[in-house]
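**Q** Sequence first, then the predicted structure:
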Amino acid sequence: MSHLNFWKGWRKDFRSIYQVLLFIFFLSVAYSFYTQYFSVDLASPLEEVRKTQSIDLSVHNIYDFVFELNVPTRNYVVYQGFLALKSGFQPWNSYLLLGIIFFCFSILLTASTYFNRLWFMVFQSVFVVWIITLKLQYLEIFGIESQLFTFLFIGLFLGIGYIYHAFKKEAGLFQRWLSFSITLAALVALVAFGSGVDAPVVFMTHHGIIVPVILSVLFIFNVAYEIILHILYLLAGKKNEEGNSNLWHFLILSFLYLVYVALTFARNSFLIDLNIVYLDEFILLAISAILGIWGFRKRSELFSKQLAFRPLGAYLYLVLGIITFSTISWIFSNGNDPLVETFEDMIVFSHLGFGLLFLIYVLYNFVALLNAGHGIYPVVFRPVNIPYTLVRLIGFGVVVALVLRVTYLPYYQAVSGYYNSLGDYYEYVDNNEAAKTTFKIARQYAVTNHKSNFEIGQMEYNDKNWAEASSYFKQAAWKRPSVQAYINRAQTQLNASLYFEALFTLEAAQKDIPDNPYILNMMGLVYDDLNKIDSSFIYFDAAVRASNTESIKNIAESNKLALFAKNRVNEELPGESSIQDKPVPYQANYIALANQKRKVLEDFVVSAKDIDTFLTYNDFSFLFNYTLNKTIAHKSFTGDSIGWLKEFKENKTFFKSIDYAIASRENYAGDQKSAYSLIYDLENSEISDAGFYYLTHGLWLYEQGAYNMAHEKFQQAEKLKMSEASTFRVIALIQAGRLYEAARIYEEQFKGMVVDDQVLKQDPLYQFLQGNPEELPDSFLYLWLKTNASLQPEEKKAIKDQLANSPFLALYQMEKVVSLVEDEKPEEAWEKLDSINIAKEEIGLSVFRNNLKALLIAKLNKIDQVDGVDTSELSVYPRNYKLLFDAFLSRNSVDSVKANQLMWRLGNENVFFDQGVIMASEYFRSKGEQEKAYGLLVEAARLNESSIPILKAYILQALRLNLTSYASESMDDLEKMLTTEEYENFQRKYNEIKELNSQEPW
């Protein structure tokens, strides 16, 4: 070791080959540490899993100045966690290992031809064993199931090797290597293209792993004393010029090293449990192997007659090192912990046994020289008293003794690891029955190994055998705790509804793997299932703080948002700009929370081109919530429509929910006709959710003033066990003036219940229905005045006097304005509206008056009063006064195209906005488009059959078109809806038009 780059003086071709091998050697060492660090994650990768939950939020309230009703609105939140339910086995790892082994074996076979007869036979025997372990007879090469190809390739390798060893000794290194390489390549090609089994190369790699493992163990033995050798080099590389003793320095450093190795052995054997940093066995091996590059050159003095170090000896060492670290990498990448433990034991046992014997060897032969300060390193392999061979023999004996002490545990672990590798193959080719059997065999040799238990646990989980899966995951985590084993076990227990057992599992995980974000996130999910909101938040927040990757951080933060939205937690929303680049589940939960807070996301825009054609549950949840968010501000439904997603059958799972989202959006945007058509279809096709749709439809109708129709929907919802439907029925009946029915239904709710009289006395709805106005607040007095048709004039006056200083009197007066409009007395309505005084703080009443003012200006064509309307405050929902006013303004402008469009929308979109429908109909009639005017009215009369103004307008328009039979039939219906006086007044107008039509030819 006089020079670090001792190969510098070699022939160029030898040097180049050595440098390539050296690079591969260091690369294999580095990759082994990568796979070691990510071993469990590579073998059992954690995958994101989601749980989509439907939650009922209210993005809209119905407030009619008496009742405030929450309209339930579906939203979806996405909870995310992690599970490891699929094997992380990657076949390319096996392909890579086989390629490295074949490359290295070609060099070893080449080197063996230079050995003497004994070592040539030893090396050739190793390759014969390796060929046998490949199990070529089971690969059905060209349909042949015999040992033909096994014997063929054994004969080829032995024949080629013997020819070069005995006859063609003058053949060059490259020629020999090329011969073996071509033969090995032929073997791979024959297997890859001629085999009749699945993944034959993987089969061959996994069955043939035995020999690489054995060679790796021999390499470990070979470098076991490198550290002590290099301690000696540092202290006694040359003579101490001052003549000071090197003995004690050598003893102390060697002793500390061996003690640390012994402590690691004691820890692995469960003899001690000290809270100290122990040696990592594979770091120890890597250091020894790297030092061995120079140490092996020194030791080549012992076998220089059999094999020259330059270049074959140097090649041989690097090749064995590459095989060792490549095998270790493959083992780690597959999470094959029994083989890992075999290697750990062999590293510790050999470093302890060979290291101790080498120390004794040095002391026994050179103690006096060390004490005298001589540089003994140059002559360390020229013993004086005991031969170096004794170190190998007794050192190996110590290793055997340690193996015996642990009752052959490394051997059993190696066998278990071998069967685990076979199990990986069977699982890869989807032979799950054989895989499970093989993993169970592996488990018999190492009952607590992580690999076998975890793989079987995954299979039991997929078969929904929760108890068995939980047991196997528990065994997997017993010796080598992993996040995957703990999380899988907790999820298994959750699947079996064992919530507290899942918590106990995760608490144990916290002790073994503290502050792990995956486990903390899982605990948050469990507490959410238990409805422990505070605890769930604490763990989600802890997961965010413990996160070391953006992925887990986003998921934990997303789960926090889902928790807030689901449980209506009043938590401040992050800024909109923060969600643009977030994952879709995070955005879905963010929007759900925004919907819960009724915050319109103005800056967050999604266009159709941003939407994937085929929806995932995450995409669907996001789009659904996004669509519902736009209803808060009554946004028109144009560019961001999602209806086109129903064109693809792959989205069939989401069709009903898409229809509901579209219906909600269209309803709150003012297009009730389309919305009600969709919700009607959902009521009659979606059995499981029909109650929800009936309830929603009823509330929409209630807000339009169609109280009788709303009552029918609430009645259907009540039959389907919707909890609030009974109360909503009562309220709808009250608004419809059907007080007796309302009282009967409300009292039925108390049947079989003992209700304190004081409670009933304080219930204004109960007192209202019992006819006790003296007990009512102003809001219910107003309702009593509005809905009780039996009140006498003096009773009405008394109630009005009682409401004199209340805003409810102004509300009642504006309701009278509405009645005057419906009775076709707009001038009188205008005067009455102008006389109503409303306090500034009564915002709702001010909006109501502003809407009525816009309506009356349109009906009376008061262009000079246009500036008196605050257009920014005109309502879009429940009745689109803004559209009505815009249509009126367009009617009086030169833009007839725009006027036609707006008027058509006004008459077509909301049949419950009777004044809007009538205004649109009159507009088209004035333009000579009688059929269009009639079409609007006939559709409105069909859908809003309880509207007297629409029925009147329909009858008159039918008369104008000489559809007298339709008009006559509708007159019969109208007679039932009006008082005698009202009917007679309308009949006079009816007869006038009828007579006028009879005089004019059609």
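**A** Thanks, I have the structure now.
**Q** pLDDT at residue 322, what is it?
**A** Reading off the confidence values, residue 322 has pLDDT 97.
**Q** and the gap between it and residue 376?
**A** 32 Å (CB to CB, to the nearest Å). (Glycine included, C-beta is placed from N, CA and C.)
**Q** go on, residue 603?
**A** Computed as CB to CB, the residue 603 to residue 376 distance reads 78 Å.
**Q** ditto for residue 521
**A** 59 Å.
**Q** Only the buried residues of the longest helix belonging to the chain, if you could.
**A** Ranked by residue count under DSSP state H, the longest helix found in the chain is helix 337-371. Neighbour counts over helix 337-371 (16 or more other CB atoms under 10 Å) mark 337-359, 361-362, 365-366, 369-370 as buried.
**Q** likewise stretch 539-556?
**A** Going by neighbour count (16+ other CB under 10 Å), the buried part of stretch 539-556 is 539-544, 546-547, 552-556.
**Q** Stretch 245-263 too?
**A** Buried residues in stretch 245-263 (16+ other CB under 10 Å): 246, 247, 250, 251, 253, 254, 257, 258, 260, 261, 262, 263.
**Q** Can you show me the CA trace of it as PDB?
**A** Extracted in PDB, the C-alpha atoms of stretch 245-263 (Å, rounded to 0.1, in the frame of the first residue of the first chain):
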ATOM      1  CA  SER A 245       6.400   2.100  21.400                       C
ATOM      2  CA  ASN A 246       3.300   1.600  19.200                       C
ATOM      3  CA  LEU A 247       2.000  -1.300  21.200                       C
ATOM      4  CA  TRP A 248      -0.400   0.400  23.600                       C
ATOM      5  CA  HIS A 249      -1.800   2.600  20.900                       C
ATOM      6  CA  PHE A 250      -2.400  -0.400  18.800                       C
ATOM      7  CA  LEU A 251      -4.000  -2.300  21.700                       C
ATOM      8  CA  ILE A 252      -6.300   0.500  22.800                       C
ATOM      9  CA  LEU A 253      -7.600   1.300  19.300                       C
ATOM     10  CA  SER A 254      -8.100  -2.400  18.400                       C
ATOM     11  CA  PHE A 255      -9.700  -3.100  21.800                       C
ATOM     12  CA  LEU A 256     -12.100  -0.200  21.400                       C
ATOM     13  CA  TYR A 257     -13.000  -1.400  17.900                       C
ATOM     14  CA  LEU A 258     -13.600  -5.000  19.000                       C
ATOM     15  CA  VAL A 259     -15.600  -3.900  22.100                       C
ATOM     16  CA  TYR A 260     -17.900  -1.900  19.900                       C
ATOM     17  CA  VAL A 261     -18.400  -4.800  17.600                       C
ATOM     18  CA  ALA A 262     -19.000  -7.000  20.700                       C
ATOM     19  CA  LEU A 263     -21.600  -4.500  22.000                       C
END
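**Q** Could you list the residues in contact with that stretch?
**A** Stretch 245-263 is contacted from outside by 227-228, 231-232, 235-236, 240, 272, 274, 276, 278-279, 284, 348, 351-352, 355-356, 359, 362-363, 367, 370-373, using CB atoms under 8 Å, 6 or more residues apart in numbering.
**Q** Same check on stretch 515-534?
**A** Applying CB under 8 Å, 6+ apart, the external contacts of stretch 515-534 come out as 46, 51, 79, 81-82, 483, 486-487, 490-491, 494, 499, 502-503, 506, 509-510, 513, 535-540, 542-544, 546-548, 552-553, 555-556, 559, 563, 566-567, 569.
**Q** Give me the subset of those lying in strands.
**A** By the criterion of DSSP state E, membership of the contacts of stretch 515-534 in strands covers 51, 79, 81, 82.
**Q** what's around the third one, how many residues?
**A** This means residue 81. Neighbour count of residue 81, defined by other CB atoms under 10 Å: 23.
**Q** didn't it look like it was pressed against residue 487?
**A** Yes - Residue 81 lies in contact with residue 487 (CB atoms under 8 Å); the separation is 7.5 Å.
**Q** still on that earlier bit, so for residue 603 and residue 376, which sits in the more crowded spot?
**A** residue 376 (25 against 10).
**Q** Now do the same for the more buried one: its pLDDT.
**A** pLDDT for residue 376: 83.
**Q** ok, it - contacts?
**A** The neighbours of residue 376, taking CB under 8 Å, 6+ apart as the test, are 232, 236, 362, 366, 369, 370.
**Q** quick one: it and residue 365, what's the gap?
**A** With distances taken as CB to CB, residue 376 is found 8 Å from residue 365.
**Q** Surely residue 599 touches residue 632?
**A** Yes - the pair formed by residue 599 and residue 632 meets the contact definition of CB under 8 Å, at 7.5 Å.
**Q** pLDDT weak spots in the stretch 901-1002 of the chain?
**A** Applying pLDDT under 70 to the stretch 901-1002 of the chain flags the ranges 998-1002.
**Q** again, only using 80
**A** Applying pLDDT under 80 to the stretch 901-1002 of the chain picks out residues 997-1002.
**Q** could you pull out the helices for it?
**A** For the stretch 901-1002 of the chain, the helices defined by DSSP state H, counting those that start in this stretch occupy 914-926, 930-943, 948-960, 964-977, 980-999.
**Q** and the second one, what does it pack onto?
**A** Same thing as helix 930-943. Secondary-structure packing of helix 930-943 (3 or more CB pairs under 8 Å, 6 or more residues apart in numbering; DSSP states H and E): helix 672-685, helix 896-909, helix 914-926, helix 948-960.
**Q** now it and helix 948-960, what's the angle there?
**A** Put simply, helix 930-943 runs at 140 degrees to helix 948-960, going by axes from the mean of the first three to the mean of the last three CA atoms, to 10 degrees.
**Q** quick one: contacts of helix 930-943?
**A** Against helix 930-943 from outside (CB under 8 Å, 6+ apart): 673, 676, 904, 907-908, 911, 914, 917-918, 920-925, 947, 950-951, 953-954, 957-958, 960-961, 963, 970.
**Q** any idea which helix or strand comes after the helix or strand of the chain with the lowest mean pLDDT?
**A** None of the helices or strands of the chain scores lower by mean pLDDT, DSSP states H and E than helix 757-761, at a mean of 79. As assigned by DSSP states H and E, the chain's next helix or strand after helix 757-761 is helix 764-769.
**Q** Extract the C-alpha set from that following helix and format it as CSV.
**A** Extracted in CSV, the C-alpha atoms of helix 764-769 (Å, rounded to 0.1, in the frame of the first residue of the first chain):
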residue,chain,number,x,y,z
PRO,A,764,-94.2,30.6,19.0
LEU,A,765,-95.1,28.1,16.3
TYR,A,766,-97.1,26.0,18.7
GLN,A,767,-98.9,29.1,20.0
PHE,A,768,-99.5,30.4,16.5
LEU,A,769,-101.2,27.1,15.5
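**Q** domain ranges for this structure?
**A** 806-852+862-874, 876-1002 (automatic domain parsing).
**Q** So which of those is the most surrounded?
**A** Mean neighbour count (mean count of other CB atoms under 10 Å) peaks for domain 876-1002 among those, with a mean of 18.
**Q** How far away from the center of its chain is that one?
**A** Averaging C-alpha positions (CA atoms, centre = their mean, to the nearest Å) puts domain 876-1002 54 Å from its chain's average.
**Q** in the stretch 701-850 of the chain, which ranges drop under the pLDDT threshold?
**A** Scanning the stretch 701-850 of the chain for pLDDT under 80 picks out the ranges 750-760, 775.
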